[in-house]
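Trainee: what's the 3D shape of this:
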Amino acid sequence: MVGFSHCQPTTMNRSDFVAHFADVYEHSPWVAESVFDAVLTEQDDDIESLHQRMTAILLAASKDKQLALINAHPDLAGRAAVNGELTEASTSEQAGAGIDKCSAEEFERFTHFNNSYKSRFNFPFIMAVKGANRYQILESFEARLDNDSETEFAKAIEEINKIALFRLRDM
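Mentor: Have a look, this model is predicted:
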């Protein structure tokens, strides 16, 4: 059982809980709101348990809500990153993977893959990049472009849940 170092979710009121956990799922505070509204238990002071609750909320959401969450994510090495418009968590995650150190050629590959991926699937490529490097990310991009839409939608949701767990553990 791994708890949070500076907070206990069960001691928070709704507004504090939502403010604290709002961006665990990128620009989607509705996940935190739904978890709180479902009534917290002592188990939710454990990171893994709270993550399971958040995951269940996302998996039970409508496809439209899931798609909106997928679309809330920035492109990897995209315009938002270049312009400094990412959330603090996204900036840290992309920098940790070395994306901020791309050569001009690598940046061009990211741009090409981002555009190809969005053209094929109508949503951005999602990958939990913590622990990966930019070369592994580019390889994954290339491999996943051959998937069908249903597979990629499911993969995006899976990766978003991994990102959420990393973010919770970083709190």
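
Trainee: hey, where'd the helices end up in this protein?
Mentor: Residue ranges of the helices in the chain, as given by DSSP state H, are 14-21, 30-37, 47-60, 63-71, 79-82, 88-96, 104-121, 134-144, 149-170.

Trainee: what sits against the residue nearest to Thr41 when sequence neighbours are not counted?
Mentor: Nearest residue to Thr41 in three dimensions, chain neighbours excluded: Thr10, at 7.2 Å (C-beta to C-beta, 6 or more residues apart in numbering). The C-beta positions use only the backbone N, C-alpha and C, and glycine is treated the same way. Residues in contact with Thr10 (C-beta atoms under 8 Å, 6 or more residues apart in numbering) are 40-42, 44-45.

Trainee: do you know how far the residue nearest to Ile157 when sequence neighbours are not counted is from Ile126?
Mentor: In space, and not counting its chain neighbours, Ile157 is closest to Gln66: 6.0 Å by C-beta to C-beta, 6+ apart. Between Gln66 and Ile126 the computed distance is 11 Å (C-beta to C-beta, to the nearest Å).

Trainee: of the two, who's got more company?
Mentor: Ranked by neighbour count (other C-beta atoms under 10 Å), Gln66 and Ile126 place Ile126 first, with 25 against 20.

Trainee: ok, the residue nearest to Ile157 touching Ala154?
Mentor: No. The criterion here is C-beta atoms under 8 Å, and Gln66 misses it with Ala154 at 9.9 Å.

Trainee: measure the closest residue to Met171 other than its chain neighbours to Met127 for me?
Mentor: Spatial nearest neighbour of Met171, chain neighbours left out: Phe4 (5.7 Å); criterion: C-beta to C-beta, 6+ apart. Phe4 is 26 Å from Met127, where distance means C-beta to C-beta.

Trainee: Looking at those two now, which is surrounded by more residues?
Mentor: Neighbours per residue, other C-beta under 10 Å: of Phe4 and Met127, the larger number sits with Met127, 22 against 16.

Trainee: what's the more buried one sitting at in phi/psi?
Mentor: Per-residue torsions, Met127: phi -150, psi 130 (degrees, to the nearest 10).

Trainee: now it: how far from Phe121?
Mentor: Per C-beta to C-beta, Met127 is found 13 Å from Phe121.
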